[in-house]
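**Student:** Below is the sequence, then the predicted model.
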Amino acid sequence: MRAWLAAMLALAACSSRPPAQRTLTVFAAASLGEAFTDLGESVERSRPGLSIRFNFAGSQQLVAQLEQGAPADVFASADERWMRHVVELGLAAGAPVVFARNRLVVVLPESNPGRIERLEDLARPGLKLVLAAEVVPAGRYARQALVRIGETPGFPPDFARRALANVVSEEENVKSVVARVQLAEADAGLAYHSDVGSAVAAHVRVLQIPEDRNVVAEYPIAVLAAAGDTADARAFVDAALGPEGRRMLQRHGLLPATPAR
Amino acid sequence: MTALRAQLLRLLVAGAAAGLLVLLALPLAALVLRVPPGALWQRVHEPLVLDALRLSLVTSAGSTALVVALGLPLAYLLATRRFRGKRAVELLIDLPLVLPPTVAGVALLAAFGRAGLAGGALHGLGVTLPFTTLGVVVAQAFVAAPFFVGAARTGLAEVDRRYLDMAATLRSPPARTFVRVMLPLALPSLLAGAAMSWARALGEFGATITFAGNLPGVTQTMPLAVYLALQSDLEAAVALSVLLLAVSVVVLLLVRARRPAH
């Protein structure tokens, strides 16, 4: 009885707290998870009464949700292709702006069960390679990167084909690629440099892809036509483009695309 | 007065029943109505769809066979014996029913993954489950087993003891009694259980994508293909869904036709 009363009191205390007056919903590519979570907290602090909700997923999945009428105020995509799709559907309120860049790395389990030391090893038969599916930006970039790596002098001419033959799973977003590697189920995966943050660094090794063989991912952001309070949406986009956003992006391994002021 | 109340009650019952039927039928009808039959026929010939359909049929048949082969002895023991730890076994059998399938997938990885508890032993036997078709079968069996074991156990327990006693007085050995008396009498329940288990396996998604991954032709069953198509090509996703629905209806009808009417 006493516990019941305490529970009721706790509930009453919760409901008497003043509710957040405004909510901003941001749909963002999975690879922006860490950076945007930090940025969101910073924007919330500077705009009292605002609470920001995030939906992080593969860009293609977010676009599918937007297409079906999911309510959102801001969209940040991991590639220009899906943002263009949103613009063509008339869902964006203004012209998208590229605010961040990212590059790919090869991620290996800490135990390195595939004994991968060089990029050439990715084409070794029997290796378990995991990529994002081709509709996912990270998956498309990864396939482009494999082709470019294969064009390195001294690489076998069918490097990309053989590496692709090693793919054992096509993931729906880049974070699941990292998870497969982290669990040591896959021998290697292609993910963004920003995905190998402090949370996973202890469980994975990183094999760098030379800059001239790498693919640069570009992240556009836009306020959506359905945005309720455009001032808040605008403020979030400005923050992503501004010095605060630059700092958050850099902290989490992304490259700001806007020049420092 | 009582007549009026009875009338009201009848209306209430009919209304509630109709409400549920609409809830079940409307989404399925809407799905079918979205796809022109010609477009559906075209989809069937796409290699990706054929691969997913074939894989779904093969794996769900495989997992159902596995569940029946291993589940029938267990159902027999549960129906006919009392033993220590029976309650724990019953709880274990019911757990996959309430477990979110994704959690089942994570659990399977923790047990049978390369770095899992039994991963080393499996590797020694030359068996790999993650990213393989066999892994899909195991994931489906994990989530579908309770449906068969539950129905089979009830069916076997309901067999009238007098038939079994009679067989015993005729000196029929227990194995013979099981095959000649118990099995035929419990057959409708066994078939219904197998059909439910098969249906659950066919629709399996969460445990499969988590444990076995997603690769066309190897681990991408119809539900996975539908889910991924949903993110890039809505029309394809709807067409695939209708196809899966049609296959399910055909198989359920076949099973029903074999069952004696009640």
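**Tutor:** Okay, I see it.
**Student:** now stretch A:48-68, how far from the centre of its chain.
**Tutor:** 12 Å (CA atoms, centre = their mean, to the nearest Å).
**Student:** mind listing what's buried in it?
**Tutor:** A:50, A:52, A:54, A:56-66 (16 or more other CB atoms under 10 Å in any protein chain shown). Quick note: C-beta positions are derived from backbone N, CA and C, even for glycine.
**Student:** got TSV for those, with secondary structure and pLDDT too?
**Tutor:** Formatted as TSV, the buried residues of stretch A:48-68 follow (DSSP: H, G, I helix; E, B strand; the rest coil; pLDDT from 0 to 100):
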residue	secondary structure	pLDDT
A:50	strand	94
A:52	strand	95
A:54	strand	96
A:56	strand	95
A:57	strand	93
A:58	coil	93
A:59	helix	95
A:60	helix	93
A:61	helix	92
A:62	helix	95
A:63	helix	94
A:64	helix	91
A:65	helix	92
A:66	helix	94
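**Student:** can you tell me which of the residues you listed are up against chain B?
**Tutor:** Filtering these for proximity to chain B by CB under 8 Å from any CB of the partner chain leaves A:58, A:60, A:61, A:63, A:64.
**Student:** and of those, the nearest to residue A:230?
**Tutor:** When these are compared for distance to residue A:230 (CB to CB), residue A:63 comes out closest, at 20.8 Å.
**Student:** show me the contacts for that closest one.
**Tutor:** Counting by CB atoms under 8 Å, 6 or more residues apart in numbering or on different chains, residue A:63 makes contact with A:77, A:82, A:85, A:86, B:231.
**Student:** Now for residue 86: which residues touch it?
**Tutor:** In the absence of a named chain, this looks at chain A. Contacts of residue A:86 (CB under 8 Å, 6+ apart): A:63, A:66, A:75, A:77, A:92, A:222, A:224.
**Student:** looking at chain B here, not the other one
**Tutor:** So residue B:86 contacts residue B:78 (CB under 8 Å, 6+ apart).
**Student:** If you drop the residues flanking it in sequence, what lies closest to the closest residue to chain A within the stretch 151-262 of chain B?
**Tutor:** Nearest to chain A, among the residues of the stretch 151-262 of chain B, is residue B:213, at 3.0 Å (CB to the nearest CB). Leaving aside its sequence neighbours, residue B:213 sits nearest to residue A:169 (CB to CB, 6 or more residues apart in numbering or on different chains; 3.0 Å).
**Student:** what's the burial count for that neighbour?
**Tutor:** 26 (other CB atoms under 10 Å in any protein chain shown).
**Student:** how would you label it: helix, strand or coil?
**Tutor:** Counting by DSSP: H, G, I helix; E, B strand; the rest coil, the backbone at residue A:169 sits in strand.
**Student:** Just the pLDDT at it, thanks.
**Tutor:** Predicted confidence (pLDDT) for residue A:169: 96.
**Student:** Quick check: bridge partners of it?
**Tutor:** Beta-bridge partners recorded for residue A:169 (DSSP bridges): residue A:130.
**Student:** Pull the contacting residues for it.
**Tutor:** A:130, A:180, A:186, B:131, B:213, B:214, B:215, B:219.
**Student:** picking up where we left off before, would you list the contacts of residue A:63 in JSON lines and tack on secondary structure, distance to residue B:225 and pLDDT?
**Tutor:** What follows is the contacts of residue A:63, written out as JSON lines (DSSP: H, G, I helix; E, B strand; the rest coil; distance: CB to CB, whole Å; pLDDT from 0 to 100):
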{"residue": "A:77", "secondary structure": "coil", "distance to residue B:225": "24", "pLDDT": "97"}
{"residue": "A:82", "secondary structure": "helix", "distance to residue B:225": "20", "pLDDT": "95"}
{"residue": "A:85", "secondary structure": "helix", "distance to residue B:225": "21", "pLDDT": "95"}
{"residue": "A:86", "secondary structure": "helix", "distance to residue B:225": "24", "pLDDT": "96"}
{"residue": "B:231", "secondary structure": "coil", "distance to residue B:225": "11", "pLDDT": "82"}
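**Student:** quick one: which of those has the most company?
**Tutor:** residue A:77 (28 neighbours).
**Student:** right, and it touches residue A:220 too?
**Tutor:** Yes: using CB atoms under 8 Å, residue A:77 is in contact with residue A:220, at 5.7 Å.
**Student:** Name the residues contacting each of these two.
**Tutor:** A:83, A:96.
**Student:** what are the ranges of the helices in the stretch 151-261 of chain A?
**Tutor:** A:159-165, A:174-182, A:198-201, A:230-241, A:243-251 (DSSP state H, counting those that start in this stretch).
**Student:** so which of these gets nearest residue B:38?
**Tutor:** It is, among the helices of the stretch 151-261 of chain A and with distance given as CB to CB, helix A:159-165, at 33.8 Å.
**Student:** does residue A:116 count as helix, strand or coil?
**Tutor:** Note that with three-state DSSP, the state of residue A:116 is coil.
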